[in-house]
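*Asks:* Here is a sequence with its predicted model. Questions after.
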Amino acid sequence: MHPQQLDDGRAFDIAAALIAGFNRHYRLFRETSAAARQRFEAADWHGQQRAQRERIEFYDLRVQEAVERLQHEFQASSLSSDTWHQVKLHYIGLLIDHHQPELAETFFNSVTTKILHRSYFHNDFIFVRPAVSTEYIENEEPAATPTYRAYYPTEETLQQALTLTITHFQLQRPFDDLERDVHDVRKAVLRQLGDSQLRANFQIQVLASLFFRNKGAYVVGKIVNGYSEIPFALPILHDPQGRLVIDAALFGEDDLQGLFSFARAYFMVDMEIPSACVQFLRSMMPRKPRSEIYNALGLQKHGKNLFYRDFLYHLRHSSDRFRIAPGIKGMVMLVFDLPSFPFVFKCIKDFYPLQKDTSRELIQGKYLLVKQHDRVGRMADTLEFSNVAFPRARFDDEVIAELRHFCPSLIEDDGETLVIRHVYIERRMIPLNIYLQDATPAQVEKVVIEYGNAIKDMVAANIFPGDMLWKNFGVMRQGKVVFYDYDEIEYVTDCNFRRVPPPRNEEEEMSGEVWYSVGPRDVFPETFGPFLLGHPAVRQVFMKHHGDLLEADFWQQHQRRINAGHVHDVFPYDPEKRFAHQRERRVMDDLASP
């Protein structure tokens, strides 16, 4: 029951301490994100990767600091429910005119759920729903930068306006040929407009902050022409001489979805009002959940909070039951899903077969490694949850039986609620082995090429999948192949890639057993074939396009490049879209024409 009056003097001080903890977190988050610009200008790619990893850890560190302060100064865990209600009401008051209220609410939840008993599942101490609207939050300070800039060119001034969109960012590094690049962008824009005339309200809206990731900076915006809107993004890269180039022009929701994919690393973006940025991006990608947009901006804790709200809402408006997920069952993970919900739930088992020399801690470490690493569009992001309460009646008996058998330490079941102490939640994909069963010859060719490309992209990012079986890869929309089973991944640089030594005698040659010594990190690429290439059509495509994956030399060459400090280029778009590629093709066409 809510208190009728705010009569506990400690409540306001606790609320103020909580908001101070959040403000410190977001200040540090913004400073690191804003510094991405200097790292980009200095071509400090290793620094960019390091900052990416460290920023992911910021949130939990600030939450722990806030918990310790509240315990030390207020003995927070012993306070009455009445006091906590008052704390929440004061906190809501402090969020009026705050620029990140939705993130601050999530921070409140994170801190209080570490202090309070799990009975918070059944009370209103936390923000189950947002209490403060994020609609139309504005920074009223005179010198404040708006969320986006708008330009109103005519066809004659389009080149000039596009140049302004780039020079406004004042990057402290020269372009190789900005006029040439903007000319390419202008032609691409006019192709997108087609026969449409520039309407009276024609405008280009560009988000005021650049989006930094890996070795790229992205201008993100949309073209408004009458009643139509065309999202776009312009990747800015360093050329081999260290000068800047606009590498491509991406248009439309599909291109932007690929850029903001859950299989890619989080962006670094300097945002005073993140909800306004998310609202702008959502207008460009209406099919993308807000939770995934927050994740893509590095605000994954709030993205997780929004995801859970969406999940609870879906549960209330559906009636199907959780089942064991289709596909080959894993040896270390128990995987279940809800057919009407496009995600899978993965629990680490309490015990494993003898051939799996691992532990719960090692597996969690692998998933954390992927969270903090550059996922290069080939490794699915995961949401990690603790103490998730599910309605017990929504589970098939088979799921309950398997959870009790394989994961008894993770579950509490009181007959009405099933609480799972630790679970990973991941976007559902079609397992590649299942996809291949019904694929046409053309689909087989495309997906096998994609499978090899996925492995090569991960290798370039210093990730060895470990278990390369088809069942550990999934097929996304538009046929993209993504890896999702992380319990055996290693850094490429930590492996010892070897050729199988030739047998020394006839007995070794005829032996069905391994006749040579194998160290704990030894990998023999030529032995992958028998496990992967039993299907003749698959083998033919694989050997044509990716036969080098079965050679130790391929892996050793990448090890040398990575150890030499090389940071690979990641293009979250088709190489055919690159302006340099298009210019080369035009030259070749001109040479070929009579």
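*Replies:* Cool, got the structure. Numbering: from 1, shown residues only.

*Asks:* Any stretches of this protein with poor pLDDT?
*Replies:* 1-4, 117-124, 142-144, 508-509, 512, 588-594 (pLDDT under 70).

*Asks:* So which residue is smack in the middle of it?
*Replies:* residue 262 (3.7 Å; C-alpha atoms, centre = their mean).

*Asks:* Against residue 425, how distant is it?
*Replies:* 11 Å (C-beta to C-beta, to the nearest Å). C-beta here means a position set from N, CA and C on the backbone, and glycine is covered the same way.

*Asks:* can you pull the contacts of residue 524?
*Replies:* Residue 524 sits next to 497, 498, 499, 500, 518, 552 when contact means C-beta atoms under 8 Å, 6 or more residues apart in numbering.

*Asks:* Would you map the helices across the stretch 351-500 of the chain?
*Replies:* Here the stretch 351-500 of the chain has its helices, by DSSP state H, counting those that start in this stretch, at 360-372, 397-406, 432-437, 441-460.

*Asks:* other SSEs contacting the third one?
*Replies:* What it means is helix 432-437. helix 441-460, strand 473-475 (3 or more C-beta pairs under 8 Å, 6 or more residues apart in numbering; DSSP states H and E).

*Asks:* what about the strands in the stretch 51-200 of the chain?
*Replies:* 148-151 (DSSP state E, counting those that start in this stretch).

*Asks:* Could you report the neighbour count for residue 365?
*Replies:* Using other C-beta atoms under 10 Å, residue 365 is surrounded by 13 other residues.

*Asks:* same deal with the one 4 residues further on?
*Replies:* Burial measure for residue 369: 16 neighbouring residues, criterion other C-beta under 10 Å.

*Asks:* Can you give the domain ranges for the protein?
*Replies:* Using automatic domain parsing, the domain parsing of the chain gives 9-122, 148-314, 320-428, 432-563.

*Asks:* Those domains: which one's closest to residue 578?
*Replies:* domain 148-314 (5.1 Å; C-beta to C-beta).

*Asks:* quick revisit: got a list of what the residue nearest to the centre of the chain touches?
*Replies:* Residue 262 neighbours (C-beta under 8 Å, 6+ apart): 292, 295, 296, 380, 381, 427.

*Asks:* What about the third one? Give its phi and psi, please.
*Replies:* Phi and psi for residue 296, reported as degrees, to the nearest 10, are phi -60, psi -30.

*Asks:* And the fifth one, by the same measure?
*Replies:* Backbone torsions for residue 381, taken as degrees, to the nearest 10, come to phi -70, psi 150.

*Asks:* Tabulate the contacts of residue 262 (JSON lines), appending distance to residue 404 and neighbour count.
*Replies:* Formatted as JSON lines, the contacts of residue 262 follow (distance: C-beta to C-beta, whole Å; neighbours: other C-beta atoms under 10 Å):
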{"residue": "292", "distance to residue 404": "33", "neighbour count": "20"}
{"residue": "295", "distance to residue 404": "32", "neighbour count": "23"}
{"residue": "296", "distance to residue 404": "37", "neighbour count": "26"}
{"residue": "380", "distance to residue 404": "28", "neighbour count": "21"}
{"residue": "381", "distance to residue 404": "29", "neighbour count": "21"}
{"residue": "427", "distance to residue 404": "27", "neighbour count": "19"}
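
*Asks:* Nearest to residue 58 among these?
*Replies:* Using C-beta to C-beta, these come closest to residue 58 at residue 295, 15.0 Å.

*Asks:* Tell me where the stretch 451-594 of the chain has strands.
*Replies:* With DSSP E, counting those that start in this stretch as the criterion, the stretch 451-594 of the chain has strands spanning 463-464, 473-475, 481-483, 490-491, 496-497, 522-523.

*Asks:* Compare these and report which one is nearest to residue 280.
*Replies:* Among the strands of the stretch 451-594 of the chain, the nearest to residue 280 by C-beta to C-beta is strand 481-483 (27.0 Å).

*Asks:* who touches residue 193 in this structure?
*Replies:* Residue 193 touches 223, 225, 230, counting by C-beta under 8 Å, 6+ apart.

*Asks:* Which of the three states applies to the last one?
*Replies:* When you say that, I think you mean residue 230. strand (DSSP: H, G, I helix; E, B strand; the rest coil).

*Asks:* how close does it sit to residue 153?
*Replies:* Following C-beta to C-beta, the distance that separates residue 230 from residue 153 is 14 Å.

*Asks:* and if you look at the first one?
*Replies:* With distances taken as C-beta to C-beta, residue 223 is found 10 Å from residue 153.

*Asks:* Find the residues that touch each one of those two.
*Replies:* Listed as contacting both residue 223 and residue 153 by C-beta under 8 Å, 6+ apart are 202, 204.

*Asks:* If I take the lengthiest helix in the chain and helix 360-372, what angle do their directions form?
*Replies:* Taking DSSP state H as the criterion, the chain has its longest helix at helix 45-74. Interaxial angle of helix 45-74 relative to helix 360-372 (axes from the mean of the first three to the mean of the last three C-alpha atoms, to 10 degrees): 120 degrees.

*Asks:* Now do helix 45-74: which elements does it pack against?
*Replies:* helix 9-34, helix 36-41, helix 101-115, helix 360-372.

*Asks:* Out of those helices, which one sits most buried?
*Replies:* helix 101-115 (a mean of 23; mean count of other C-beta atoms under 10 Å).

*Asks:* what packs against it?
*Replies:* helix 9-34, helix 45-74, helix 81-94, helix 274-284, helix 300-316.

*Asks:* Just the buried positions in the longest helix of the chain, please.
*Replies:* 45, 48-49, 51-52, 55-56, 58-59, 62-63, 66-67, 69-70, 74 (16 or more other C-beta atoms under 10 Å).

*Asks:* out of these, who's nearest residue 337?
*Replies:* Taking these together and measuring to residue 337 by C-beta to C-beta, the closest member is residue 56, at 26.3 Å.

*Asks:* The closest one - nearest residue in space that isn't next to it in sequence?
*Replies:* residue 372 (5.3 Å; C-beta to C-beta, 6 or more residues apart in numbering).

*Asks:* Now do the same for the residue nearest to the centre of the chain: helix, strand or coil?
*Replies:* Under three-state DSSP, residue 262 falls in the coil class.

*Asks:* related to what we said a few turns ago, mean neighbour count and distance to residue 86 added to the strands of the stretch 451-594 of the chain, as CSV?
*Replies:* Output for the strands of the stretch 451-594 of the chain, formatted as CSV (neighbours: other C-beta atoms under 10 Å; distance: least, C-beta to C-beta, whole Å):
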stretch, mean neighbour count, distance to residue 86
strand 463-464, 23, 49
strand 473-475, 24, 48
strand 481-483, 24, 47
strand 490-491, 15, 50
strand 496-497, 18, 61
strand 522-523, 15, 59
